[in-house]
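# dropping the sequence and predicted coords here.
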Amino acid sequence: MIEVFRALQERLHQTPHLLRLGRLFSETVLIEVDGQEFYLTFEKGRLVGVVEGPSRKTPWRFALRTDADALRKFWQSRPAPGFHDIFGLVKIGRGRIDGDILCLVKNLRFFKEVMALARPQTGGAA
């Protein structure tokens, strides 16, 4: 799973519109997958650190908690209904969001698009 987040880091740095969109976002986010913790640290829209936990000393602003199967379905090129969005995961009972929800909502488009970067690239518009 850590490899996916590191690949996400590389793809983010190659996506100028997301760097522009996240230029005011400098926070640490906890992603928990099947109890395994990953801390994603953003500085002005850039993903500067991906650290595997657990860590009681690493402060985070908000957390997305889910299971590996749900995340794999989320990262498909055309996810099924409910797996297409982080709030969809919550709605179908396969995810939970904790922490500063206001921070998430203020940066929602940025965070959702960053998480979707792990989806396979499609060839073009249909």
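Cool, the structure landed. A quick note: this is a predicted structure, and the numbers were derived from the prediction, not measured.
# where's Tyr39 relative to Ala118, distance?
Going from Tyr39 to Ala118 by Cβ to Cβ, to the nearest Å gives 17 Å. For glycine as for every other residue, the C-beta is placed from the backbone atoms N, C-alpha and C.
# higher neighbour count, these two?
Tyr39 (20 against 15; other Cβ atoms under 10 Å).
# quick check: closest non-adjacent residue to that one.
Val51 (4.6 Å; Cβ to Cβ, 6 or more residues apart in numbering).
# show me what contacts the one you found?
Neighbour list for Val51: 38-39, 41, 58 [criterion: Cβ atoms under 8 Å, 6 or more residues apart in numbering].
# let's see that with 10 Å instead.
2, 5, 28, 37-41, 58 (Cβ atoms under 10 Å, 6 or more residues apart in numbering).
# helix, strand or coil for it?
Of the three states, Val51 takes strand under DSSP: H, G, I helix; E, B strand; the rest coil.
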